[in-house]
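1. sharing a model that was predicted from the sequence below.
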Amino acid sequence: LLTKAISSSTSSSSSTPKSSQIMLATAAATGAAAAALTYTIMLRKSAENKKEQLTKTTCTQTGIPYFFMRGGSSRGPYFNRADLPEDRDQLAKVLLQVVGSGHSLNIDGIGGGNAVTTKVAMLSKSEDEWADIDYFFAQVSVNDGLVDFKPTCGNILSAVAAAAIEMGLFSAAAGGTECETVVKIRAVNTGALCVSRVRTDGTGSVIYDGELALDGVPGTASPVSLDFMKVAGSSTGSFLPTGKVVDVVDGIEVTCMDVAMPMVIARAADFGLTGHESREELDANREFFAKMEAIRIKAGKMMGMGDVTKSVTPKFGLVAPPKNGGSVGVRYFMPWTAHPTMAVTGSQCLASCTLTPGSVAEGIIPNVPKVGPVTVVLEHPLGLMDVVIDYKIDGADVFNHISAGVVRTCRKIAQGKVFVSKSIWEN
């Protein structure tokens, strides 16, 4: 800068620069350097301010460790229960922001804009003598800002054993070779008991890759077997909560049944349906939904469940004769939209209904044996699902439910931290 300034000041003369010219040039160069230094300091200070603002923004949120997993044909976050607030109201607020409830796409959370992708599992070591893991479930609504802690979910349960191993809540079988790890699970919401079997590699890790395909889930994965026990009356205390095999509500015959999930089950034909409509066709039929919801609310009171207007239970189901090689055509509702495939809990209830003498599904499966186990193949919107029901029908045609079993798959999708505002929970 100094050389350039001197050169400029003497450009009109070939004589040696005077001392006054050198002083002026020095001053000009010094001023330019000072300006450059000032600008550099300003840039650095601006960057520091931005960094400080970013740090402050990050610190206004609470990070919660989680695993993001697919279980069966559902998915959602899996938490260690100890990492979440104990208070139920506080917990609901946290889960609403985690999922992003209140927007059809859950754009401000990790939900997927559908009831099968706004489910939450919370795990802990069990306090029950029989169980290894306690599984606490929450169904978060997509749009309405509601959290329902009443039901459980069998699809989400499909990944509970794997998630418990991933979290360090349960140790996988050792031995150095591929094997099966058995985890006994208690569904906290309903008290139902389940034995889950997952494949592990003998060194403590879950094996997710495999060859089992599920209708409604792309690709293949490792099988997870689920054996459910004590699921009859698990929510209401009775296999038939109204005391009858068939009730008539608003002129429609229904069977109100509680096996793994309390349900109101009707014949599709009684609503003018085939029972083989697509999910999109059913969701567009608002006249049917209005009639179905009115029946569901009245049946809920008859089942001793009180006002179920804002509860996702009891669920609603339709049955119809099969046409795609299964035992029975079924459609399952969550309850305000049609399920894209089939719920694990609902599958047990619908399968049991088809085997129960006198129910709305009687006669769809011919020559039902008096003693199980029997495999019932359900035809749902995207394919088939096998459910094994063990039971005994006594001489008075009373159905005694013993257990149910299904095979699903699961996959770990992501793990890390999910954030909520400290104004909701400071932890």
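-> Received, thanks.

2. just the pLDDT at the spatially most central residue of the chain, thanks.
-> Compute the mean C-alpha point of the chain, and by CA atoms, centre = their mean the closest residue is residue 119, 2.8 Å away. Residue-level confidence at residue 119 comes out at 98, pLDDT.

3. next, work out how far apart it and residue 235 are.
-> Distance from residue 119 to residue 235, counting by CB to CB, to the nearest Å: 17 Å. Every C-beta, even on glycine, is put in place using the N, C-alpha and C of the backbone.

4. quick one on the thing from earlier: count of residues packed around the nearest residue to the residue nearest to the centre of the chain once chain neighbours are set aside?
-> In this structure, residue 119 finds its nearest non-sequential neighbour in residue 76, 4.1 Å apart by CB to CB, 6 or more residues apart in numbering. Counted by other CB atoms under 10 Å, the residues lying close to residue 76 total 32.

5. Three-state assignment for residue 76, please.
-> Following DSSP: H, G, I helix; E, B strand; the rest coil, the label given to residue 76 is strand.

6. that one pairs with what?
-> The partner list for residue 76 in beta bridges (DSSP bridges) reads residue 69.

7. and if you look at residue 403?
-> Here residue 403 sits in beta bridges with residue 229, residue 390, going by DSSP bridges.

8. list the contacts of residue 75.
-> 68-69, 112, 116-117, 119, 413 (CB atoms under 8 Å, 6 or more residues apart in numbering).

9. out of those, who's the most crowded?
-> Using other CB under 10 Å as the neighbour test, the contacts of residue 75 are led by residue 69, with 25 neighbours.

10. if I read this right, that one contacts residue 224, doesn't it?
-> No: Residue 69 is beyond contact range of residue 224, at 11.4 Å (criterion: CB atoms under 8 Å).

11. hey, what's in contact with both of the two?
-> 159, 162, 410.

12. of those residues, closest to residue 299?
-> The shortest approach to residue 299 among those belongs to residue 159, at 31.3 Å (CB to CB).

13. quick one: pLDDT of residue 49?
-> Listed pLDDT for residue 49 reads 68.

14. for the one 10 residues further on, same thing?
-> Here the pLDDT value assigned to residue 59 is 76.

15. quick check: closest non-adjacent residue to it.
-> residue 422 (7.9 Å).

16. follow-up on the earlier one: pretty sure the residue nearest to residue 119 contacts residue 69?
-> Yes: under the criterion of CB under 8 Å, residue 76 is in contact with residue 69, at a separation of 7.5 Å.

17. overlap in contacts of those two?
-> If you check residue 76 and residue 69 against CB under 8 Å, 6+ apart, the residues they both contact are residue 121.

18. ramachandran angles for the residue nearest to residue 59?
-> Backbone torsions of residue 422, given as degrees, to the nearest 10, read phi -70, psi -20.

19. ok, now how distant is it from residue 257?
-> Taking CB to CB, one finds residue 422 at 45 Å from residue 257.

20. neighbour count: those two, which is higher?
-> Between residue 422 and residue 257, counted using other CB under 10 Å, the more crowded position is residue 257 (33 against 12).

21. pull the contacting residues for the residue nearest to the centre of the chain.
-> Contacts of residue 119 by CB under 8 Å, 6+ apart are 74-76, 137-140, 153, 155-156.

22. same thing with residue 166?
-> 67, 206, 412, 415.

23. is it possible to get TSV of those that adds secondary structure?
-> Shown next, in TSV, are those (three-state DSSP):
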residue	secondary structure
67	strand
206	strand
412	strand
415	strand
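
24. residue 102 sits in which helix or strand?
-> Residue 102 is part of no helix or strand, with elements assigned from DSSP states H and E.

25. surely it touches residue 111?
-> No: using CB under 8 Å, residue 102 makes no contact with residue 111, being 10.0 Å away.

26. for the stretch 101-250 of the chain, just list every one of the helices.
-> In the stretch 101-250 of the chain, the segments counted as helices under DSSP state H, counting those that start in this stretch are 154-157, 160-167.

27. highest mean neighbour count out of those helices?
-> Of the helices of the stretch 101-250 of the chain, the one with the most neighbours on average (mean count of other CB atoms under 10 Å) is helix 154-157, at a mean of 29.

28. residues making contact with that one?
-> Around helix 154-157, the neighbours that count as contacts under CB under 8 Å, 6+ apart are 71-74, 76, 116, 119, 121, 135, 137, 185, 187, 194, 196, 226, 228, 260, 343-348, 406, 408.

29. export it to PDB, keeping only CA atoms.
-> The C-alpha trace of helix 154-157 is given here as PDB (Å, rounded to 0.1, in the frame of the first residue of the first chain):
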ATOM      1  CA  GLY A 154     -49.400 -54.700  18.500                       C
ATOM      2  CA  ASN A 155     -47.500 -53.500  15.400                       C
ATOM      3  CA  ILE A 156     -45.400 -51.100  17.500                       C
ATOM      4  CA  LEU A 157     -45.000 -54.000  20.000                       C
END
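
30. so what's the gap between that helix and the chain middle?
-> Distance of helix 154-157 from the chain centroid (CA atoms, centre = their mean, to the nearest Å) equals 8 Å.

31. mean confidence score for that helix?
-> Helix 154-157 comes out at a mean pLDDT of 97.

32. with stretch 83-100 instead?
-> For stretch 83-100, the mean confidence score works out to 98.

33. got a list of contacts for it?
-> Applying CB under 8 Å, 6+ apart, the contact partners of stretch 83-100 are 64-66, 76-77, 102, 106-111, 118, 120, 122, 138, 140, 145, 147, 149, 418, 420-421, 424-425, 427.

34. repeat for stretch 299-306
-> By CB under 8 Å, 6+ apart, the residues outside stretch 299-306 that reach it are 235-237, 241-242, 247, 249, 254, 256, 258, 262, 264, 307-308, 311, 313-314.

35. same question, stretch 363-378
-> 319-322, 325-328, 330, 342, 347, 350-351, 354-355, 357, 384-393, 402, 405.

36. let's see it as PDB, backbone CA atoms only.
-> Extracted C-alpha coordinates of stretch 363-378, given in PDB (Å, rounded to 0.1, in the frame of the first residue of the first chain):
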ATOM      1  CA  GLY A 363     -70.800 -68.700   9.100                       C
ATOM      2  CA  ILE A 364     -68.100 -66.900   7.200                       C
ATOM      3  CA  ILE A 365     -65.600 -69.700   8.100                       C
ATOM      4  CA  PRO A 366     -67.400 -73.000   7.600                       C
ATOM      5  CA  ASN A 367     -67.100 -75.900  10.100                       C
ATOM      6  CA  VAL A 368     -65.300 -74.100  12.900                       C
ATOM      7  CA  PRO A 369     -63.600 -76.700  15.100                       C
ATOM      8  CA  LYS A 370     -64.500 -76.800  18.800                       C
ATOM      9  CA  VAL A 371     -60.800 -76.700  19.900                       C
ATOM     10  CA  GLY A 372     -57.900 -74.600  18.600                       C
ATOM     11  CA  PRO A 373     -55.400 -73.600  17.600                       C
ATOM     12  CA  VAL A 374     -56.700 -72.400  14.300                       C
ATOM     13  CA  THR A 375     -55.000 -70.100  11.800                       C
ATOM     14  CA  VAL A 376     -57.300 -67.400  10.500                       C
ATOM     15  CA  VAL A 377     -56.100 -65.600   7.300                       C
ATOM     16  CA  LEU A 378     -57.400 -62.000   7.200                       C
END
